[in-house]
Every structure is written in structure tokens, then in C-alpha cells.
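> Any chance you can model this:
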Amino acid sequence: MDTTLLRQEHEIISAVQELGVGKRKDGKTPDATIGALKNMGKAYGELSGAAHVSQPVLLHSIIEIEKGELRGPSAFPIYHRELARNLYALHVCYIVLMARIAGEVNEEIGLSGLSEDEEKMVVLAMSTLHEEGLIDIEEAPLDKPISETEKAG
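Residues are numbered from 1 along each chain as shown. Now for the predicted structure:
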């Protein structure tokens, strides 16, 4: 999973939420912690660091191998199961979040929200991640849209 793609998914969701509250500015990177992403600043920072290769510890852990006392980059791809699972979980969460926001936007403009099948897919995706121990699910207030921000001003 490409961390640059995940960072871009994060920014797209941020930009859509900025549009929703009238805060989007052309040519500017969206606020990475707006609305539903308000607690995602650290994750966004880590994705940015990985995307720009500015975190040497992360870079070394991804490409470096140890053989006895020798340590260096691998000539072959290294599969990091936990890292891959966590990045994939984040990817699925971004897809689900975008689907939920799109459903809310459609409802706001008079179209139908998510279909019954789409809602089932969203629930199934999140349930699967939860069952795999990749995410915790918290109760959310049912009267507050997912794309609403703390302060719209």
C-alpha cells in the first residue's frame, strides 16, 4: 500500500469537508484535521513523513534487513504483515468515510443517500476490520452528520 495514496485520500476527504462548510481555498492543502478527521493529525503527519521519506526510522524498518551483525537495504521486496494490514485498514476506513460523506451530500441536495446495499457494504467493511482487531468502533451520536465540523467558522 502506497502511503502517498493514503495521504491523498486523507486530503480529498478534508477538501470535501472544507467545501461542505465553505472553508475550501483553491491552491491550498486542506486542513488535515477538519470534521470527521479531527483526531487524525498524527496519522496524517506519519503518512506525510513516509510519503516524503523524511522519517528515516520508518524508511529503515521498511527496506532494511539484518543478517547476523550485517544490516542494510534488501535487494528484494520485504513483506511487513502488520504494517500492510494497518495501512490497508486505513485505506478501507477512508473509502468508507468518503462513501458516508457522499451519501450525506446526496441527501442534502435532495438525492437519495446510500442505498441499502451500500450501507450493508459499509457496515461489513467496518465490522471486518473490527473483527480482525484493526480498528475499535465507538458509539457516535446519531443526530450529528459525519461531515459536520466542531466549528464551522
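> from here on, contacts and neighbour counts on C-alpha atoms
Will do.
> show me where the chain has strands.
Under the criterion DSSP state E, the chain contains strands at 64-67, 70-73.
> right, and those strands - which one's nearest residue 90?
strand 64-67 (23.7 Å; C-alpha to C-alpha).
> buried stuff in the closest one?
Within strand 64-67, no residue is scored as buried using 16 or more other C-alpha atoms under 10 Å.
> ok, residues contacting that strand?
Residues outside strand 64-67 that contact it (C-alpha atoms under 8 Å, 6 or more residues apart in numbering) are 71-74.
> Most neighbours of all these, which one?
Highest neighbour count within the contacts of strand 64-67: residue 73, with 15 neighbours (other C-alpha atoms under 10 Å).
> before we move on, the earlier item: which one of the strands of the chain lies closest to residue 83?
strand 64-67 (14.3 Å).
> what about the residue most central in space within the chain, distance to residue 14?
Central residue of the chain (C-alpha atoms, centre = their mean): residue 94, 4.1 Å from the mean position. From residue 94 across to residue 14, the span is 11 Å (C-alpha to C-alpha, to the nearest Å).
> For the lengthiest helix in the chain, which helices and strands make contact with it?
In the chain, assigned by DSSP state H, the helix with the most residues is helix 81-108. On a contact count with 3 or more C-alpha pairs under 8 Å, 6 or more residues apart in numbering; DSSP states H and E, helix 81-108 meets helix 3-20, helix 116-131.
> gap between the last one and the chain center?
Here helix 116-131 is found 16 Å from its chain centre; the criterion is C-alpha atoms, centre = their mean, to the nearest Å.
> what's it packed up against?
Counting by 3+ C-alpha pairs under 8 Å, 6+ apart, helix 116-131 packs on helix 81-108.
> In the helix it packs on, which residues are buried?
Per 16+ other C-alpha under 10 Å, helix 81-108 contains these buried residues: 86-105.
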